[in-house]
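Asks: The sequence and its predicted three-dimensional model are supplied below.
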Amino acid sequence: MTSRPFLAVVQYDGGGFAGWQRQPNDRTVQSEFEAVLGRLMGRRTVATGAGRTDAGVHALGQAVSFSATDRWSAEELRRALNALLPREIWVQRVYRMRPGFDARRNATARRYRYLIGTDEAAASPFRKPYEWALGGGAGRALDASALHSAAAALLGEHDFRGLAAAGANTTHYRCRVALAEWAPRADGMGMAFTVEADRFLHHMVRFILGTMVDIALGRRPPADFPRLLAATNNLAASPPAPPQGLYLEAVQYPRDLYAEESTA
């Protein structure tokens with residue numbers, strides 16, 4: 001039977017995984033997803049993620065491409081995957097895609113969200129695994145104007161080697177940021193940062209967050225941020241923010257890559 005590409009929009013709680021990418025000795029989202037695909041397809045089936053989220057990072061809209069035979073409809077695949085995947089992973093939608101589709105190569109934009117808890121209850125075991133629990137005095141001392149100024153400096157194209165992990169396996173460090181904004185959380189319990197770009201480097205969002213928060217807490221001057229955007233290494237950056245506050249929220253693709261059928 002003929003195989004064709006599909007796209008799954010996947011949510012997962014990253015707390016119990018060593019990241020998205022398959023590893024020889026650790027539990028990862030990709031290895032769990034591929035194990036289920038292998039059962040359904042009767043053969044080893046590779047799943048390609050649009051973003052290689054780190055250990056502890058969550059996803060609300062990870063994009064995953066894989067091949068399946070024409071006997072499967074998008075809705076049948078969604079139901080079958082959800083019946084077999086572990087409870088930390090859930091497939092929200094499945095789309096039939098045009099031949100040659102690849103979730104990583106064909107992505108035009110990726111959007112991340114980061115949550116910070118600024119109240120004492122951020123330390124709750126029902127919240128701490130899903131946000132950066134600053135809480136208490138540190139949370140109340142966040143300078144919102146400093147956060148907004150740093151976010152505005154991110155917009156446009158920059159070389160992010162000063163705000164990414166050293167030794168990142170990449171041919172260039174330039175990324176184009178289309179959206180970077182801070183806003184109060186809808187639940188009133190802190191702040192949320194949303195950033196969208198054409199690509200992200202290893203630990204890039206977390207380095208950005210760690211440096212922004214240090215500036216907003218008065219631990220370093222606001223002028224440090226534009227200097228880091230022009231730096232040739234990350235030696236002057238603040239430590240990266242903890243992974244549990246970070247969510248891969250959405251991935252965008254050109255509309256002409258979608259075939260006609262999708263799940264609702």
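Replies: Nice, I can see it. Numbers count the residues shown, from 1 in each chain.

Asks: what pLDDT, on average, does stretch 10-23 get?
Replies: Average pLDDT, stretch 10-23: 96.

Asks: How far does it stretch from one end to the other?
Replies: Criterion Cα to Cα, to the nearest Å; first-to-last residue distance in stretch 10-23 is 19 Å.

Asks: and that stretch, which residues are buried?
Replies: Across stretch 10-23, burial judged by 16 or more other Cβ atoms under 10 Å covers 10-14, 17-22. The way it works is simple: take the backbone N, C-alpha and C, and place the C-beta from them, glycine included.

Asks: Can you tell me which of these comes closest to His203?
Replies: Ranked by distance to His203 (Cβ to Cβ), the buried residues of stretch 10-23 are led by Gly19 at 11.5 Å.

Asks: Tell me how far that closest one lies from Leu248.
Replies: 11 Å (Cβ to Cβ, to the nearest Å).

Asks: ok, the residue lying closest to Arg174 once chain neighbours are set aside to Tyr173 distance?
Replies: Distances taken as Cβ to Cβ, 6 or more residues apart in numbering place Asp159 nearest to Arg174, at 5.4 Å, with adjacent residues excluded. Separation of Asp159 from Tyr173 (Cβ to Cβ): 5 Å.

Asks: Now do the shared contacts for Gly19 and Leu248.
Replies: 53, 57 (Cβ atoms under 8 Å, 6 or more residues apart in numbering).

Asks: all helices in the stretch 1-150 of the chain, in order from the N-terminus.
Replies: 29-41, 74-84, 136-140, 144-154 (DSSP state H, counting those that start in this stretch).

Asks: what packs against the first one?
Replies: With contacts taken as 3 or more Cβ pairs under 8 Å, 6 or more residues apart in numbering; DSSP states H and E, helix 29-41 sits against strand 3-12, strand 58-69, helix 74-84, strand 89-97.

Asks: In CSV, list those along with distance to Thr28.
Replies: Below are the helices and strands packed on helix 29-41 laid out as CSV (distance: least, Cβ to Cβ, whole Å):
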stretch, distance to Thr28
strand 3-12, 10
strand 58-69, 12
helix 74-84, 16
strand 89-97, 11
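
Asks: between the buried residues of stretch 10-23, which is closest to Gln252?
Replies: Closest approach between the buried residues of stretch 10-23 and Gln252, by Cβ to Cβ: Val10, at 15.5 Å.

Asks: what's the burial count for the closest residue to that closest one other than its chain neighbours?
Replies: Nearest residue to Val10, sequence neighbours excluded (Cβ to Cβ, 6+ apart): Gln62, at 4.6 Å. As a burial measure, Gln62 scores 32 neighbours (other Cβ atoms under 10 Å).

Asks: per-residue confidence for Gln62?
Replies: 98.

Asks: Low-confidence stretches in this protein?
Replies: 1, 136-140, 167-169, 260-264 (pLDDT under 70).

Asks: Phi first, then psi, for the residue nearest to Leu147 when sequence neighbours are not counted.
Replies: Of all residues not flanking Leu147 in the chain, Trp182 sits nearest, at 4.5 Å (Cβ to Cβ, 6+ apart). Main-chain torsions, Trp182, degrees, to the nearest 10: phi -100, psi 150.

Asks: do Tyr253 as well
Replies: According to degrees, to the nearest 10, Tyr253 has phi -140, psi 150.

Asks: What is the burial count for it?
Replies: Considering only other Cβ under 10 Å, Tyr253 is surrounded by 19 other residues.

Asks: right, and it touches Ala107 too?
Replies: Yes - with contact defined as Cβ atoms under 8 Å, Tyr253 counts as touching Ala107 (6.2 Å).

Asks: tell me, what's touching these two both at once?
Replies: The contact lists of Tyr253 and Ala107 share Ala63, where a contact means Cβ under 8 Å, 6+ apart.
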